[in-house]
Structures are given as C-alpha cells and as structure tokens.
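Colleague: structure for this input, please:
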Amino acid sequence: MIEGREDEHFIPVARLSELDERGRKVVRVGGEEVVLVRVDGRLHALQQACPHRGGPLSEGDLEGCLLHCPLHAWAFDVRTGSSPTHPGARVRIYAVRLIGEEIHLAVSARVPAPFAKESE
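Modeller: Residues are numbered from 1 along each chain as shown. Here you go, the predicted structure:
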C-alpha cells in the first residue's frame, strides 16, 4: 500500500507487528503524538489529541471509520479528519505508506525522526 503525493517526505514510524490487538499504536512525529489506526485492512494516521479537550483518540471507540474521543464522544473520520458530529471540528491526518512491514508517514522535511510512545 503506497499512498500520498510524490513530493511528500515519508519517514518510518512503526512496524505492523507493533500495532495492538485493536490495530492501533501511538507514535511521536516531531512534537505531536499521532495515532495509527487500522480499519478494514487499511492504515490511517491522525493527531492523537481531540481538539475539544485534548482527549486521547487512540483510547476511543471505533465505529466503522469513526473514531470517538473517550472524553465526550466527539467523532472523527479517520480517512478525512473531519467530524460529522461537530461540523468545523477537524484533526490533522497524515498520508500513510506501508513498505513491507514498515509504516511510513508523510511529514515536512524539517520534522526530526519520530520516537514511539513508551508504554505506560
């Protein structure tokens, strides 16, 4: 699976084997946490923090392509970053490439190499 524009800079952030049993993993890209989510065999990446109150989207329920914030149930489409329940609310999404077992995200060339979030 290779997605994204040719002019985007992709960096490796994780391996498929690192996704949890729900098909998720939180990684750090630059100064931002990003949640990787597998839905129907496709990988998606979006900002971890809900724009409403900063809730961790990785801990929310997934209903189809909608990831719900665990704090107040705001929903975000993992494909687009938009919220069907709160028009105008959005989270940042990242283009994803799967190269073998490595998951790569599109970022600015200025972003340093990411570090996986340590288990708590």
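Colleague: what about residue 92, how many residues nearby?
Modeller: Using other CB atoms under 10 Å, residue 92 has 14 neighbouring residues. In this view, the C-beta of every residue, glycine as well, is placed from N, C-alpha and C.
Colleague: for it, list the residues it contacts.
Modeller: 32, 46-47, 81 (CB atoms under 8 Å, 6 or more residues apart in numbering).
Colleague: please enumerate the strands of this protein.
Modeller: Assigned by DSSP state E, the strands in the chain fall at 9-15, 24-29, 32-39, 42-47, 62-63, 66-68, 75-77, 93-94, 96-99, 102-107, 115-116.
Colleague: ok, back up a step: okay if I get the contacts of residue 92 as CSV plus distance to residue 22, neighbour count and pLDDT?
Modeller: Compiled in CSV, those are given as follows (distance: CB to CB, whole Å; neighbours: other CB atoms under 10 Å; pLDDT from 0 to 100):
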residue, distance to residue 22, neighbour count, pLDDT
32, 21, 15, 90
46, 15, 23, 96
47, 18, 19, 95
81, 20, 18, 95
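Colleague: most widely separated two among those?
Modeller: Among the contacts of residue 92, the pair separated by the greatest distance (CB to CB) is 32 and 81, at 13.3 Å.
Colleague: what residue lies at the spatial centre of this structure?
Modeller: Residue closest to the average C-alpha location in the chain (CA atoms, centre = their mean): residue 45, at 2.3 Å.
Colleague: nearest residue to it in space, ignoring adjacent ones along the chain?
Modeller: Closest residue in space to residue 45, ignoring its immediate chain neighbours: residue 94 at 4.0 Å, by CB to CB, 6 or more residues apart in numbering.
Colleague: just name the shakiest helix or strand of this structure by mean pLDDT.
Modeller: The helix or strand of the chain with the lowest confidence, counting by mean pLDDT, DSSP states H and E, is strand 115-116 at a mean of 37.
Colleague: overlap of the contact sets of residue 32 and residue 81?
Modeller: Counting by CB under 8 Å, 6+ apart, the shared contacts of residue 32 and residue 81 are 47, 92.
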